[in-house]
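Asks: any chance you could fold what I've pasted below:
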Amino acid sequence: MWTKSIDLESVTFPYESPKYQQPVQGPQLSDPKLNNILAEHMQNYYTLTMDKVWTYLDPQEMAMVKKQAAPLKEKVRYGG
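Replies: This is a model prediction of the structure:
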């Protein structure tokens, strides 16, 4: 198995709830305004994440992992 860690920055954004005047522990997910803001931030974060993933993906490293996996596949014999 091949794993790699990628450092991603934490993202926060302001949101004023129309229902609560004080900060609440968790978001009110039934609020369409929050859902729209959250969707926009998640879309931007997804793009940032995938861009970073592609910068760390090295074709030579993947070829090495594939070569190392071949003998293990022979030993395990998946599916029967």
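Asks: mean confidence (pLDDT) on stretch 53-71, please.
Replies: Per-residue pLDDT over stretch 53-71 has a mean of 84.
Asks: may I see the buried residues of it?
Replies: Residues of stretch 53-71 include none that count as buried (16 or more other CB atoms under 10 Å). C-betas here are computed from N, CA, C, even on glycine.
Asks: buried set for the helix or strand where Y45 lies?
Replies: Assigned by DSSP states H and E, Y45 belongs to helix 32-56. Buried positions in helix 32-56, judged by neighbour count with 16+ other CB under 10 Å: L34.
Asks: what packs against that helix?
Replies: Using 3 or more CB pairs under 8 Å, 6 or more residues apart in numbering; DSSP states H and E, no helix or strand is in contact with helix 32-56.
Asks: where does pLDDT dip in the protein?
Replies: 1-2, 19-29, 77-80 (pLDDT under 70).
Asks: right, and T49 touches D7 too?
Replies: No. Using CB atoms under 8 Å, T49 is not in contact with D7, being 10.9 Å away.
Asks: now S10. Its backbone dihedrals?
Replies: Torsion angles at S10 (phi, psi; degrees, to the nearest 10) stand at phi -80, psi 140.
Asks: again with E9
Replies: phi -80, psi 150.
Asks: list the contacts of the closest residue to T49 other than its chain neighbours.
Replies: Closest residue in space to T49, ignoring its immediate chain neighbours: L8 at 6.1 Å, by CB to CB, 6 or more residues apart in numbering. Contacts here follow CB atoms under 8 Å, 6 or more residues apart in numbering; on that basis L8 touches 45, 48-49, 52.
Asks: picking up where we left off before, which helix or strand lies directly C-terminal to the helix holding Y45?
Replies: Sequence-wise, the next helix or strand downstream of helix 32-56 (DSSP H and E) is helix 59-76.
Asks: tell me what that next one is packed against?
Replies: Using 3+ CB pairs under 8 Å, 6+ apart: helix 59-76 touches no other helix or strand.
Asks: so that it lines up with my notes, have the first residue be 695 from now on.
Replies: New numbering, starting at 695: the last item is helix 753-770.
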